[in-house]
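**Q** build the 3D model from these lines:
(chains A and B)
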Amino acid sequence: MSAESLSFIIFLPAIVAFGLMITTANVEAVRNIAFLTTTVILALVLKIYINFDPNAGMQFVTNAPWIQTYGINYYIGVDGFSLTILMLIAILIPTSYLLLWEGRTKGYWINMLLVQTGVTGALLSLDVILFYFFWEVMLLPVFLMIGIDGFGDKVFTTIKVTIYTMAGSLLMFIGIIYLGVTFYNEFGFWSFQYNDFTKITTLSYHEQVYLFLTFVIAFGIKIPIFPLHTWIMDTYKNAPTGAVFLLSSIMAKLGVYAIVRFMIPIFPEIYIEYSTWFVFIGLFGLVYFGIAALMQNDIKRMFAYSSASHLSFIAAGIFSLNAYGINGALYLIIAHAIATGALFLLVGVLHDESKFKTISDLGGIAKVAPIFTFIFAIMLFANIGLPGTNGFVSELLIIFGIYEFNHTLGYISALTVIIGASYMLWMFQRAILQDRVGEPRKMRDLKIKEIIGLAPWIILVFLMGVYPEPFIDKFEPTVTHFLNDILKIGVMR
Amino acid sequence: MTEFLYLVPLITVLVGALVLMFMSMYDKFTLKHFITTTSIFLIIALGFSVAEFGDLFSAKPYNELFNNALVFDTYANFFGVLLIFGTLLIVLIGEHYFYDHSYFKGEFFSVLMFALFGMMLIANSNELITAYISLEIASFAIYILVGFQSEDAKRVEAMFKYLVLGSFIGSFFLLGTVLIYGVSGSTNLNDISTYITTHSGSDLNLIYIGITLLLFTFLFKIAAFPFQSWVLDVYRGAPMLVTAYMASTFKVAIFSLFLRAYLQTFSTIQNFWDPILYVLIIFTLAYGTWIAITQKIIKRMLAASSIVHTGYILLGFISLGQNIDNAYAIMFYLISYLLTAIGAFGLISHIISETKVRVTYEDFKGLAHERPFLAAAMTIFLFSLAGIPSTIGFIGKFYIFTEAINSGYASLTIVAIIATIISVYYYFRLIAMMYFYPASDACTSEGFDDKRISTYIVAFLAALVVWGGIGSAIVFFIPAPNIDAIIEVSKLAIESLFLK
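**A** Numbering: from 1, shown residues only, chains lettered A, B, ... in the order given. Next up is the predicted model:
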């Protein structure tokens, strides 16, 4: 297993995408080649996952000069933390292809491939400029997907989401340059590697707070945490299924990932000092988005709020300063990606078939599409955190973590789970179960291909729910490293 | 003999201009002949310029003849290459446009070569009067180019506006030179520099005033606040390619002179310049941004955005005060803007040649479905203008902003970043128009000829823009020069000024 395989994983989709762009192959061929590419990547990632040694820190490192004048390198590698998310991306993307199979355009598939390059690249970058490069690259294909295949007021939506995310990124850009310059002034040479940034000692307290905030805003917009969330409502409503899936299941996770990857090591003191605020904001977001979700009649908007609500929970866990909370948050990243991703894709199928507008238009689906209903229910329960599913394990860990952090907040977080259960179950009852008045709902059931696509997700939901040990083992040492060596607070486990 | 070699590019361009002038007296030469002849002369000049590249030199050939007024060094050579390359690109990318607009006759190319000659002299001048004369040679050629089609009232208005204002502001340059000469007794940059370093206090008062007057001309020519009011009308009135030429190549020439003056001569009194520049940068960025978001016509939007880009370059200028090595950031930005602006303007002129109606944002609806290749290239140029990673514009902004923060102008950089965030709006709106709407019937064109030189040049420029952003390191398996090469070359150019 050579170190170049990571580069191969990053760039293969892009190369295939550019190749497909200039060919005149029809949509089916493009889709099949794209799907094949993602399965090749899945195989490679699996191989890396198996060969990965959890206690060996950063592995499969490639470091090549890019812009030498500024010490910017093409520097990539993987540790337990990025590996988990890498695995997640590699599994989710090909299976999502199976659910998006019919009726897409050539550009749609090419964009899906380009997003994969951007996301994987950002995930594996250890040089902050390289990270920024991929961070922007992953946004542009989504911009095109929403604009071309979206619904409703799609142009306004695209411009809004682009300006929002660009504003965040550029803010981060200032932060990166500022850190780079500070590093240069302290050490006398240029470097933009994040582990070099952790060595900076000359930043004043106020500078650290401001820089911390620029990064929080940049990553917070992507997640999104309250109050940086206003872009998601239009976007999730008007965007095509694939784009919503990518934004909610994958890109939002990279926001969380970036917080842990960059902000804990670079600003440990500020991170500890402000953690109470962020746990509070996270929990507030959880309740706020939960209540907002409860009041929605548009199913996609409801899922948008529900997704934001869970992501706020993840954010709260990340800031809980102990192994329970952070492990739980990482676990919830996976659980949420699977459950929300599946739900968005299923709603996409539902939308394509029945062209509904609101929840009240729906109903009676359980009778005509039992398999659909069954899988929908599993994902719903995973999302709520029913015991036996991965959602339960992660929510439990986060609640433990927050309890340890602050008892009162811990009680609050335990109670908030009820909100999630209520809007989800109420929606399920109205949209899927209850009988429709008038003519019966026309809705096809899932095809074999789609069931095969969803099968690994279902397996993961239960496997991770009942036997979390092997999964946690992969990233546990990394989390311990973060807590013990970087934040210098002992692990209580 | 080596002395003569330095002069060859200049002489080639001058001879080219004269040959084209004589050719234009005969009717038997067609437009094709003119384009070919111009390109040949430009390629010869470019060849000689590039051949001189690579080593450090600074020569004042035929000293008794030019009296040190002209200096040929790596710095001038660097800008010479850029200017010739820019002109060549304009001629080639405009091929389609020239054929399509009957008023482009042979004289146009002659005047274009004269403009280039003036610009190259600007880059080579080591003395204020020479600089003034070469500035006027270039400017007058540009005035003529702006008003090239005299039947169009809009064009004539643009020309006169530019002519009157430009000549007026040019006189400030002369006045400034006179004041500086009055105190220091010389107009040679090296002598003035010696005078400034050996004197202080009230001895320098007239120098300050003189420099401020020079600054007026500089700001006018690059369209910075508060001398920007001519830009929109003149850029709008001028033929598309002339606009491109003014926004890119001419701007590079102006910067070559003032960068040299700043580095060689006036850097010692930068405390005087910086507060003025500081305020001007904020206003330039704010005004340019404000104008750009309110435009409906693409050409005007690009013109307004060029004001914003001027603001970025001035940001590089102000950081020079702290660290003179930062000059390479400006030079890199100039390269990136040159390529991108010629690409964007040239591409639009290419489209306009086929479909006469592509003027406003609305007209660009659905271009991606009709001309996917051109829309993709336009998208690359717009990304580069907005500074999105993977394009040369991003790297250019990165250098400028890094050096500005490094020089302690963090707050000013934040202003520039805010301008960038807003610029995303007006650039992406065009991308949205091209990709997200069906084409309107009025704008569809038939028989679009893709096999034109312009198309290949657009592709070439788009490739260059992407290469400049990614370089060779990230794509290991393609053997190509790294982006660092550009910086090395710029640093070499600055070294040839022998500042240290």
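
**Q** drop to CA atoms for contacts and neighbour counts, all remaining ones
**A** Fine.

**Q** show me what contacts the residue in the stretch 101-250 of chain B that chain A sits nearest to?
**A** Proximity of the stretch 101-250 of chain B to chain A (CA to the nearest CA) peaks at residue B:224, 24.1 Å away. By CA atoms under 8 Å, 6 or more residues apart in numbering or on different chains, the contact set of residue B:224 is B:280-281, B:284, B:307, B:310-311.

**Q** is it in a helix, a strand, or coil?
**A** Look at residue B:224: counting by DSSP: H, G, I helix; E, B strand; the rest coil, its state is coil.

**Q** can I get stretch B:274-281 as PDB, trimmed to CA atoms?
**A** C-alpha atoms of stretch B:274-281 as PDB (Å, rounded to 0.1, in the frame of the first residue of the first chain):
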ATOM      1  CA  ASP B 274       1.300  55.900   2.600                       C
ATOM      2  CA  PRO B 275      -1.500  57.800   4.400                       C
ATOM      3  CA  ILE B 276      -2.700  59.200   1.000                       C
ATOM      4  CA  LEU B 277      -2.600  55.700  -0.500                       C
ATOM      5  CA  TYR B 278      -4.300  54.200   2.500                       C
ATOM      6  CA  VAL B 279      -7.400  56.300   2.100                       C
ATOM      7  CA  LEU B 280      -7.400  56.100  -1.700                       C
ATOM      8  CA  ILE B 281      -7.300  52.300  -1.600                       C
END
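
**Q** what sits up against that stretch?
**A** With contact meaning CA under 8 Å, 6+ apart, stretch B:274-281 is reached by B:224-226, B:311-312, B:314-315, B:318, B:321, B:412.

**Q** try stretch B:8-27
**A** For stretch B:8-27, using CA under 8 Å, 6+ apart, the contacting residues are B:29, B:34, B:37-38, B:41-42, B:44-46, B:48-49, B:105-107, B:109-114, B:116-117, B:120-121.

**Q** ChimeraX command to pick out the buried ones of these?
**A** To isolate the buried ones among the contacts of stretch B:8-27 in ChimeraX, judged by 16 or more other CA atoms under 10 Å in any protein chain shown, type:
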select /B:34,37,38,41,42,44,45,46,48,49,105,106,107,109,110,111,112,113,114,116,117,120,121
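
**Q** so which of the contacts of stretch B:8-27 belong to strands?
**A** If you go by DSSP state E, the contacts of stretch B:8-27 have nothing in strands.

**Q** near chain A too, which of the contacts of stretch B:8-27?
**A** Here nothing survives when the contacts of stretch B:8-27 are matched to chain A using CA under 8 Å from any CA of the partner chain.

**Q** just to revisit the earlier point, can I get the contacts of stretch B:274-281 in a markdown table including pLDDT?
**A** Converted to a markdown table, the contacts of stretch B:274-281 look like this (pLDDT from 0 to 100):
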| residue | pLDDT |
| --- | --- |
| B:224 | 81 |
| B:225 | 79 |
| B:226 | 81 |
| B:311 | 90 |
| B:312 | 91 |
| B:314 | 89 |
| B:315 | 89 |
| B:318 | 86 |
| B:321 | 75 |
| B:412 | 90 |
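
**Q** most widely separated two among those residues?
**A** B:226 and B:321 (21.8 Å; CA to CA).

**Q** more neighbours: which of the two?
**A** Applying other CA atoms under 10 Å in any protein chain shown to residue B:226 and residue B:321 shows that residue B:321 carries more neighbours, namely 21 against 13.

**Q** what's the average pLDDT for stretch A:242-250?
**A** What stretch A:242-250 shows for mean pLDDT is 82.

**Q** how far is it from where the chain is centred?
**A** Offset of stretch A:242-250 from its chain centre (CA atoms, centre = their mean, to the nearest Å): 8 Å.

**Q** that stretch near chain B anywhere?
**A** No - figure legend: stretch A:242-250 not in contact with chain B (CA under 8 Å from any CA); closest approach 15.3 Å.

**Q** give me every residue that touches the residue nearest to residue A:191 when sequence neighbours are not counted.
**A** Leaving aside its sequence neighbours, residue A:191 sits nearest to residue A:71 (CA to CA, 6 or more residues apart in numbering or on different chains; 4.5 Å). Counting by CA under 8 Å, 6+ apart, residue A:71 touches A:65, A:189-192.

**Q** out of these, which sit inside strands?
**A** Going by DSSP E, the strands hold residue A:65 from the contacts of residue A:71.

**Q** save the contacts of residue A:71 as JSON lines, and put in pLDDT and neighbour count too.
**A** Output for these, formatted as JSON lines (pLDDT from 0 to 100; neighbours: other CA atoms under 10 Å in any protein chain shown):
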{"residue": "A:65", "pLDDT": "78", "neighbour count": "16"}
{"residue": "A:189", "pLDDT": "86", "neighbour count": "13"}
{"residue": "A:190", "pLDDT": "86", "neighbour count": "19"}
{"residue": "A:191", "pLDDT": "86", "neighbour count": "24"}
{"residue": "A:192", "pLDDT": "87", "neighbour count": "24"}
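
**Q** from the contacts of residue A:71, which two are the most distant?
**A** A:65 and A:189 (14.5 Å).

**Q** how many neighbours does residue A:102 have?
**A** By the criterion of other CA under 10 Å, residue A:102 has 11 neighbours.

**Q** surely it is within a strand?
**A** No - judged by three-state DSSP, residue A:102 forms no part of a strand; its state is coil.

**Q** that one and residue A:245, how far apart?
**A** Distance, residue A:102 to residue A:245, by CA to CA, to the nearest Å: 16 Å.

**Q** just residue A:445 next, same as before
**A** Taking CA to CA as the measure, residue A:445 falls 21 Å from residue A:245.
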